[in-house]
Each structure stands twice: as C-alpha cells, then as structure tokens.
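coords below, sequence missing:
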C-alpha cells in the first residue's frame, strides 16, 4: 500500500495537545478575559461615580468591541488549522466542519435559553457556514469579501434600509412591522423578567421561568435575523475570513518568519485605535456616520494591535512570553471557560441564584479580574495537565465526530514517568 493511500485513509480527529500552537491558545485565553469584562459590566454606583466613569471610558476604548472580533478572528484561524490537518491527511473537512457547527449551535442554544441571554455561540455556528462555502477561494477573494462585510457593517441602518428597498415598498413595510412587533414582544418579555428579578418576594422558580421565556424569545429573534438577508450587516463572518486567511498563510503559527508584517499590522492597528478614540472622545463629531466610522476604527484597530502586538511580544520578548503563557491553559479549554463565566455570574447575581446586588463598574471589574486570574486560570492549568479536553470541548468533539472522545491523559503533564 502506498504512502498516499495510507494518508488518505487516516480519519480526521481532534487536534492533539502536541499539535497545538501555544500562541493561539494565549490569544484565546486573553480574549476570554476581555469577553468576561464585556459581558459582565457593572453600572455606575453613587459612591464611586467618578471612578466608574473613568473605568467605563477606558473599557469603551480598549475593550468593549475589540474582543469579540478577536475571538471571531481566532475562530476562523482555528478552521484554517483544521483544514490544513485535513488536507495533510487527505480527508474532507467540509462535512466534518458542518457537523461541528451543528453541534456548536445546539450547545449555544442551551446556553442562550437556559443560562444567559448574551450568547455568541449560536451566531458563530450560523456564520460559520461562510467558511464552509468560501474556504476554497483564493486569499485575495476572501479578503475582498471580508472587506465588503466589514464595510457594510459600519453603518447598519443604511445597509438594512437598502436591502429592504431592493425588495420593494411592500417588503420594506412588512420588515418594519415585523421588527416593531418583535421588539415590542421582547420588551414585554424583558419587563416581565425584570419584574421578577426586582421583586424580593418572587420565588426563584418564577424568576427562572420568566427569564428563560425572555431568553427563548430573544433566541428566536436572533436566529431569524441571522438567517435573513440582513445578516450581511454582521461583521463576524468578515473576521472569520480574515482569521482563516491568516491561518492558511501560517502567519501566527510561524510568527518569527513574519516579524515585519506583524510589526506593520501592530503599528497600523494602534494608529487606527488612537485616531478613532480621539475622534469619538475629544473631537466628538456631530455626524453619526463619522462617529460610527471612528468607533469602528477604534475597535478594529485595537483588535489588530492586540493580535499583532501580542504575537510579536510572545515570539521575541521572553518576559512577555512568560506573562502570556499564563493565559494558554484557559485558552485551551476556551469553550468550557466561556460557559463557566456565564454560569458563575448568573448564579451569583440573578434572582434565581444568590441574588446579590449588582455592583458598580469598579467593583464588578475587580470581581471579573479576581474570578479569571484566581479561579479560571489556576483551575485551567490544573485541568489541562490531566485531561485532553474541557467538558464542553469533549461534548463538542464527541458530537462532531460521532464517537466518545477519550478524556483523561495517560499521564498528567509534567509528571515524570517512573522507570
């Protein structure tokens, strides 16, 4: 039997620990910290209002809309890694990846309906179809499509209005009425959920039931929107495609070879981020379109700077590499940690949980940092030394490949084998 035949017969399996790129895990772990901060962000309190305002401004500039693009970029890059492994084995990736997206959709649906409304997994699962459909195109075509998607997402009202007008006056009127009805229904559901949340005499069961009904309504609205023609306004597929191109060119996997390109990207990203922030917070233009452009430059520029800057630092500066290596275990089980963040914060602050009062921004940020650095990072480091996958990753991969994946490592990492 030839080597080619043997390679073609090799099944596609999950990425082994020896095949992982540590830089990607570092970036994913870093993104988890940003997503935790964005998802659970306190409101200003009377006692520390000035401090809260300063922290709010800093988070708006550096965090608020920069980490979901980073996570989306890494999602596309991860598909590139899977695609390259499949090609090396002579296996077809499209069917496996489609099953992977279906499994992610089911996990995301459970998260969005039962745990917390701020889910991103369902959106990733649906938008992931872009990668399946377009991954065979050249890098130039993929980057061109990504540029169009990012451009039309800068000012959503204009793009949405144009799409409705293309369908004619009746289509535009129907879309407006449907959106109004959906928004009103969501508002009523949220009012009911909030009533139970704010009522100290409401039972935990009533609070949970009303909150889940509200999340179910929001989930249906999100799925309909993602399956409609207005889904083109979403910039997430654009970041998927950029991440896929970067992964296919092995830029982060071989960061040392791409030092000049990464330095250029870091410089451009930082320039865009600073220029956008100055325009929004100092110049304060009266034009909504100009403000939207400046905010996009700030957000996407910061994302570009984080990716390129961290990649350079980790590759060429040992002290930075040691610092960011702390994030790698959390990034290896990113899906589990993402769900754990939602579960923990919901249990602590919801009325059907411990019902603690929502803190000010400063205190909430401190809670997020403490939870991430003193719980998630140590727990992740302990866990990945003993198990191949996080619980959520294990479920995701088992559903994808249709086979129960082995969980426990034969020997904990770092433990010497006895003679």
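Ah, there it is. All values reported here derive from a predicted model rather than from experimental measurement.

make it CA atoms for all contacts and neighbour counts henceforth
OK.

what helix or strand is the residue lying closest to residue 127 once chain neighbours are set aside on?
Spatially, and ignoring its direct neighbours in sequence, residue 127 is nearest to residue 237 (5.8 Å; CA to CA, 6 or more residues apart in numbering). Element membership for residue 237 (DSSP states H and E) is helix 236-248.

other residues contacting that helix?
69-70, 72-81, 84, 124, 127-128, 130-131, 135, 139, 142-143, 145-147, 149-150, 252-253 (CA atoms under 8 Å, 6 or more residues apart in numbering).

and what of stretch 135-154?
Stretch 135-154 has contacts (CA under 8 Å, 6+ apart) with 134, 159, 232-235, 237-239, 241-242, 244-245, 292-293, 296.

how about a cut-off of 10 Å?
Applying CA atoms under 10 Å, 6 or more residues apart in numbering, the contact partners of stretch 135-154 are 79-80, 83, 94, 129, 131, 134, 158-160, 231-246, 248-249, 289-297, 300.

equivalent analysis for stretch 256-269, please.
So stretch 256-269 is in contact with 250-252, 255, 270-273, 275, 297-312, 314-316, going by CA under 10 Å, 6+ apart.

repeat the analysis, applying 6 Å as the threshold.
301-302, 304-305, 308-309 (CA atoms under 6 Å, 6 or more residues apart in numbering).

is residue 58 in a helix, a strand, or coil?
helix (DSSP: H, G, I helix; E, B strand; the rest coil).

what's the spacing between it and residue 51?
Residue 58 sits at a distance of 11 Å from residue 51 (criterion: CA to CA, to the nearest Å).

now swap in residue 388 and tell me
The spacing between residue 388 and residue 51, counted by CA to CA, is 42 Å.

of these two, which one has the most company?
residue 388 (22 against 14; other CA atoms under 10 Å).

leaving out the residues flanking it, which one is nearest to the more buried one?
Leaving aside its chain neighbours, residue 388 sits nearest to residue 407 (5.3 Å; criterion: CA to CA, 6+ apart).

run a quick neighbour tally on that neighbour.
Residue 407: 14 neighbours (other CA under 10 Å).

surely it meets residue 386?
No: judged on CA atoms under 6 Å, residue 407 makes no contact with residue 386 at a distance of 8.7 Å.

got any ranges where the stretch 1-150 of the chain has weak pLDDT?
Scanning the stretch 1-150 of the chain for pLDDT under 70 picks out 1-19, 42-48.

now with 50, please.
Scanning the stretch 1-150 of the chain with the threshold set as pLDDT under 50 gives 1-9, 44-46.

ranges for the strands of it?
For the stretch 1-150 of the chain, applying DSSP state E, counting those that start in this stretch gives no strands.

out of the contacts of stretch 256-269, the closest to residue 345 would be?
Using CA to CA, residue 302 is the member of the contacts of stretch 256-269 that lies nearest residue 345, at 26.6 Å.

for that closest one, what are its contacts?
Counting by CA under 6 Å, 6+ apart, residue 302 makes contact with 269, 273.

okay, and it sits in which element?
helix 288-316.

tell me the mean pLDDT over that helix?
What helix 288-316 shows for mean pLDDT is 94.

which positions in it come out as buried?
290-312, 314-315 (16 or more other CA atoms under 10 Å).

the inter-axis angle of it versus helix 236-248?
For helix 288-316 against helix 236-248, the angle by axes from the mean of the first three to the mean of the last three CA atoms, to 10 degrees is 20 degrees.

can we start the residue count at 35 from this point?
All right, first residue 35 from here; so that's helix 322-350.

tell me what the following helix or strand past helix 322-350 is packed against?
Next helix or strand after helix 322-350 toward the C-terminus (DSSP H and E): helix 352-358. Applying 3 or more CA pairs under 6 Å, 6 or more residues apart in numbering; DSSP states H and E, we find helix 352-358 packed against helix 322-350.

that'll do, ta.
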